[in-house]
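In: would you be able to build a 3D model of this:
(4 chains)
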Protein chains: 2
Amino acid sequence: MAPIGFASHDHNSCIADAVKSVDAACAASGLQFTPVRKRVFEILLEEHRALGAYEVLDRLRSEGLGSQPPVAYRALDFLTKHGFVHKIERLNAFIACAHPTEKHTPAFLICRKCSAVAEAETDIAQGRLAGIAADTGFAIERAILEAEGLCPNCRPSDEKA
Amino acid sequence: MAPIGFASHDHNSCIADAVKSVDAACAASGLQFTPVRKRVFEILLEEHRALGAYEVLDRLRSEGLGSQPPVAYRALDFLTKHGFVHKIERLNAFIACAHPTEKHTPAFLICRKCSAVAEAETDIAQGRLAGIAADTGFAIERAILEAEGLCPNCRPSDEKA
DNA sequence: TGATATATGTCATAGTATAACATATCAACC
DNA sequence: GGTTGATATGTTATACTATGACATATATCA
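Out: Coordinates of the predicted model:
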């Protein structure tokens, strides 16, 4: 439930661990974690921020892994479809999942100043909103929860409680 | 707290009432509810569904109210900025607010089959997520909450509880 | 090894949104 | 009533985001 992303962490190992766990998940499900897909995932992990598809594509292009938009979009589609990457609708951008092993409804805290993004694992939208939906007869399949504001690093210190 | 949008209602009066209340709100705040802005608001009300900016623009164009994208985007920006219209990020589309008089965090139920959209008034994102944010020192300013699934009209009837 | 599904390369185009600048209108005050 | 500053509109051009379509290649498995 605790968000990460505004604090420093062991970045070197986090990339390796994440790649490894996705590798295992793909093997277990018969999915192909191909070179382009793996590289896109790594690129997103390296930044720990939301990258646009064309930013990812630029990186791929400079590495000779593909130069046309569909290359990036296909890899991103694959990764988001299987929950390894999330799309931030507000930013039209993608970010590596911070909790790749568990099934969850991601929630995001997006700093409007520095664009840092923290992912909080939550089932909030399956919580209170679920009651409203049930009353109406609406069947929720997935939910998007994105909060915008100022991250701890961008808040004027006298505003911090 | 009850969503509307999947049930029929008195459509004729709802448009007139909404326009009137926005008119009053603008007058009270010294905002200019100009012809283009009013017409865009009416167009969204007439449909009670999410319209893309270019769909709105097409309507404006056919009525001689402007033919270039900025005309539509400016009106939509104005209306969303002041809470009379909401943007559905998931659909890159805009919908007239169902609760124009009150300050609120809108939540949406979006049907993936028929694209109907219901707005539920809620402060859900200021609720549970607020706790997580506070722990991190993140200051939430606004939130986006959009749930996707099947509306009552599109659900196979044997699935309905 | 052949059949089927899945993934990639590539070109073309569709859809969404904004920058920039000139002109016009509004609101308020002298 | 005219001046001033803020706000709104008209218009051109362009940037950014995303997908359709089709040919080729690779993987999977009977």
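
In: near DNA strand D, anything from stretch A:44-53?
Out: Yes - Stretch A:44-53 is in contact with DNA strand D by C-beta under 7 Å from any atom of the strand, via A:52, A:53. C-betas here are computed from N, CA, C, even on glycine.

In: next one: that stretch to chain centre, how far?
Out: 8 Å (C-alpha atoms, centre = their mean, to the nearest Å).

In: hmm, residue A:83 is touching residue A:99, no?
Out: No - using C-beta atoms under 8 Å, residue A:83 is not in contact with residue A:99, being 9.2 Å away.

In: those two: which is more packed in?
Out: residue A:83 (17 against 13; other C-beta atoms under 10 Å in any protein chain shown).

In: ok, the closest residue in space to residue A:88 that isn't next to it in sequence to DNA strand C distance?
Out: Closest residue to residue A:88 apart from its sequence neighbours, by C-beta to C-beta, 6 or more residues apart in numbering or on different chains: residue A:50 at 4.8 Å. Here the criterion is C-beta to the nearest atom of the strand, to the nearest Å. By it, residue A:50 lies 16 Å from DNA strand C.

In: quick check: residue A:50 touching residue A:119?
Out: No - here residue A:50 does not reach residue A:119: they are 10.2 Å apart, not a contact under C-beta under 8 Å.

In: which residues do those two both contact?
Out: Listed as contacting both residue A:50 and residue A:119 by C-beta atoms under 8 Å, 6 or more residues apart in numbering or on different chains are residue A:95.

In: related to what we said a few turns ago, who are the neighbours in contact with the residue nearest to residue A:88?
Out: A:88, A:91, A:93, A:94, A:95, A:110, A:115, A:117.

In: can we see that at 7 Å?
Out: Each residue near residue A:50 by C-beta atoms under 7 Å, 6 or more residues apart in numbering or on different chains is listed here: A:88, A:91, A:93, A:94, A:95, A:117.

In: from residue B:20, how far off is it?
Out: Per C-beta to C-beta, to the nearest Å, residue A:50 is found 41 Å from residue B:20.

In: anything in the strand or helix carrying residue A:77 near chain B?
Out: Assigned by DSSP states H and E, residue A:77 belongs to helix A:69-81. No - using C-beta under 7 Å from any C-beta of the partner chain, helix A:69-81 stays clear of chain B, with a minimum separation of 13.1 Å.

In: whatever helix or strand comes next after that helix pairs with which strands, parallel or anti?
Out: The element immediately downstream of helix A:69-81 (helix or strand, assigned by DSSP H and E) is strand A:85-88. Strands adjacent to strand A:85-88 in the sheet, as given by DSSP bridges, are strand A:93-96 (antiparallel).

In: now stretch A:108-116: average pLDDT?
Out: Here stretch A:108-116 scores 90 as its mean pLDDT.

In: check whether it contacts chain B.
Out: Yes - counting by C-beta under 7 Å from any C-beta, contacts between stretch A:108-116 and chain B involve residue A:109.

In: just the buried positions in that stretch, please.
Out: Under the neighbour-count criterion of 16 or more other C-beta atoms under 10 Å in any protein chain shown, stretch A:108-116 has A:108, A:109, A:110, A:111, A:116 buried.

In: swap in stretch A:59-77?
Out: Those would be A:59, A:60, A:65, A:66, A:71, A:72, A:74, A:75, A:76, for stretch A:59-77 by 16+ other C-beta under 10 Å.

In: ends of that stretch, how far apart?
Out: Counting by C-alpha to C-alpha, to the nearest Å, you get 17 Å between the two ends of stretch A:59-77.

In: chain center to that stretch, what's the gap?
Out: 18 Å.

In: what angle separates the longest strand along chain A from strand B:139-150?
Out: Counting by DSSP state E, the longest strand found in chain A is strand A:139-150. Taking axes from the mean of the first three to the mean of the last three C-alpha atoms, to 10 degrees, one finds strand A:139-150 and strand B:139-150 inclined to each other by 160 degrees.

In: report the buried residues of strand A:139-150.
Out: Using 16+ other C-beta under 10 Å as the test for burial, strand A:139-150 gives A:139, A:140, A:143, A:144, A:145, A:146, A:147, A:148, A:149, A:150.
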